[in-house]
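Enquirer: The sequence isn't on hand, but the structure is:
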């Protein structure tokens, strides 16, 4: 069942079920548990066209917590791609949200 399949449940119940998943237990119970729960919950509850674009502040708080507690996270999470060549070989691409790519009016 996907997150949105059961329309009879409230969004808060769905979020709680997602947070109860063993796959996020380590993040939820670690030193950045509160910022993780805030960011994850915000993303799941987001109704913006660009899902999660209204959750920038909670994700920045999570990122700041991760930077302060590097020992709690695996080396892979903390390392950036070593060079552009590795990034080009990767199948994963990071795209800025649509709202950040919109042209801004000239003043």
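Expert: Okay, I see it. Because the structure is predicted, anything quoted here is derived from the model rather than measured.

Enquirer: Now stretch 48-66: buried residues?
Expert: 52, 55, 58-59, 61-62, 65-66 (16 or more other CB atoms under 10 Å). (C-beta placed from N, C-alpha, C; glycine too.)

Enquirer: would TSV of these with secondary structure, pLDDT and distance to residue 43 be doable?
Expert: Listed next are the buried residues of stretch 48-66 as TSV, based on DSSP: H, G, I helix; E, B strand; the rest coil; pLDDT from 0 to 100; distance: CB to CB, whole Å:
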residue	secondary structure	pLDDT	distance to residue 43
52	coil	93	4
55	coil	95	5
58	helix	96	8
59	helix	94	8
61	helix	95	13
62	helix	93	10
65	helix	94	16
66	helix	90	16
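
Enquirer: export those residues to JSON lines and tack on distance to residue 25?
Expert: Output for these, formatted as JSON lines (distance: CB to CB, whole Å):
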{"residue": "52", "distance to residue 25": "22"}
{"residue": "55", "distance to residue 25": "21"}
{"residue": "58", "distance to residue 25": "19"}
{"residue": "59", "distance to residue 25": "20"}
{"residue": "61", "distance to residue 25": "20"}
{"residue": "62", "distance to residue 25": "16"}
{"residue": "65", "distance to residue 25": "17"}
{"residue": "66", "distance to residue 25": "17"}
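
Enquirer: how many neighbours does residue 12 have?
Expert: Here the count is done by other CB atoms under 10 Å, and residue 12 has 11 residues near it.
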